[in-house]
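1. kindly return the folded structure for what I paste below:
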Amino acid sequence: MERTSRSSRQHPSVARSGATVRRSRGLAVALVVAVGLGVSLPADAVAEDVSNIPGAFVDVGIGARPMGMAGAVVVSSYGAGSLYWNPAGLAVGERSKEFSVDYADVMGLVPYTAASGAYRLSERYTLGIGLLYSGDEVLSETTVLLGAATSLSSLPWLDAGPMNVGATLRTRWASFGSPSSFEDNVSGSALGFGLDAGATIPVSDRVTFGIAARDILSTLSWESTTGGSYDESVPPALAFGIAATPHRNVLLELDVDKSLHQDSRDLVLLGAEVMLFDVAALRGGYRKELSHGELSEFSVGAGANVVAGSSVIGLDIAYLFGHLEDTLRLSMGFGL
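-> Here you go, the predicted structure:
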């Protein structure tokens, strides 16, 4: 992800922050991945009725910088990549145009590729667009994101800096089918929508509060050769956090992801980022499930900026030590 320097529009907590396809084999792989990522399967969700699998479009975390901080970026996400985390972050940064590409291969089975861009219309308004794709011969999913954010600096109680607010509309497509080696011809497709909204609110020169509601409204309509037509929703979540910059080159953030669905989990997340000579960053993070404590993961990451004329190229890498399998994340960003 591209990192940008401090500007008058940037909220204090993120000042000076840094900026397919391997095939799965067979239907059993799709079922294992769904279970491993925390998707609940009904008892009758077997190979001959794969269309009953709920919880498509699982949130695996997009971007090497956010995942280097274990996903603790409700406040400190910014630029084009904030479409996936908190759309209010679109309003942060001084670059008028940004573009980023992200890649992750979850469990060595499910590749995720994402691309996103942001364009600043004026001093107050920024638009963003993103594309997220994952897929193989069993299941493919595509999400298009359209976001907008604005910076509010005229409110009388905003003495510490501007408040940023934003929203993202997600359009989702999916298709699934049995591999050619299976006798049963199970196939189908889906179309759906989701809505995210978020805000970052400065508390002081060094502390900022953030909140993001993900999929607060969502619907997913399926057509299946075995199940006919049916609807489901993507599990919503409410994330809120607080970020602090105890030093101009140090960022700390504490987040809580509150599940709003019985099949997902409440998480607490900690993230840290240290800038080195204004061109490189080191990151670390930890996240843990609050209720049963079964999930406990930590991550490390790094990033660097390369200035080329009036442009900036950002390179980021992260490694998440997961409860099922470790995952490497890669990102590249461009800013103009």
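2. ok, and what's touching the strand or helix carrying Ala243?
-> Remark: Ala243 resides in strand 237-247, with elements defined by DSSP states H and E. The contact list for strand 237-247 (Cβ atoms under 8 Å, 6 or more residues apart in numbering) reads 12-16, 59, 72, 74-76, 86, 203, 206-215, 251-261, 264, 269. All C-beta spots, glycine's among them, are computed from the backbone N, C-alpha and C.
3. that one: which residues count as buried?
-> Within strand 237-247, the residues scored as buried using 16 or more other Cβ atoms under 10 Å are 237, 239-245.
4. strands paired with it, and their directions?
-> Each strand paired with strand 237-247, and its direction, by DSSP bridges: strand 207-224 (antiparallel), strand 250-259 (antiparallel).
5. switch the buried residues of strand 237-247 over to TSV; also include pLDDT and distance to Ser175.
-> Output for those, formatted as TSV (pLDDT from 0 to 100; distance: Cβ to Cβ, whole Å):
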residue	pLDDT	distance to Ser175
Ala237	89	25
Ala239	96	29
Phe240	95	35
Gly241	97	35
Ile242	98	41
Ala243	98	39
Ala244	98	44
Thr245	96	45
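6. could you export these as CSV, including distance to Arg287?
-> Shown next, in CSV, are these (distance: Cβ to Cβ, whole Å):
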residue, distance to Arg287
Ala237, 13
Ala239, 12
Phe240, 15
Gly241, 12
Ile242, 16
Ala243, 16
Ala244, 18
Thr245, 21
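7. all helices of the stretch 151-300 of the chain, in order?
-> Using DSSP state H, counting those that start in this stretch, no helices are found in the stretch 151-300 of the chain.
8. what about it, any weak spots by pLDDT?
-> 154-158, 160, 178-185, 293 (pLDDT under 70).
9. the strands in it, which residues?
-> 163-177, 187-202, 207-224, 228-232, 237-247, 250-259, 267-276, 280-289, 296-308 (DSSP state E, counting those that start in this stretch).
10. list the neighbouring strands of the fourth one plus their orientation.
-> Meaning strand 228-232. Applying DSSP bridges, strand 228-232 is found paired with strand 207-224 (antiparallel).
11. quick one: buried residues of the strand it pairs with?
-> 207-215, 218, 220, 222, 224.
12. of these, closest to Ala308?
-> Ala308 lies nearest to Thr208 out of the buried residues of strand 207-224, by Cβ to Cβ, at 30.7 Å.
13. for that closest one, give the beta-bridge partners.
-> As for beta bridges, Thr208 partners with Pro202, Ala243 under DSSP bridges.
14. thought it was touching Asn164?
-> No: with contact defined as Cβ atoms under 8 Å, Thr208 does not count as touching Asn164 (9.4 Å).
15. who's in contact with the closest residue to Arg265 other than its chain neighbours?
-> Distance criterion Cβ to Cβ, 6 or more residues apart in numbering; nearest residue to Arg265, sequence neighbours excluded, is Glu289 at 5.0 Å. Applying Cβ under 8 Å, 6+ apart, one finds that Glu289 lies in contact with 265-267, 295-296.
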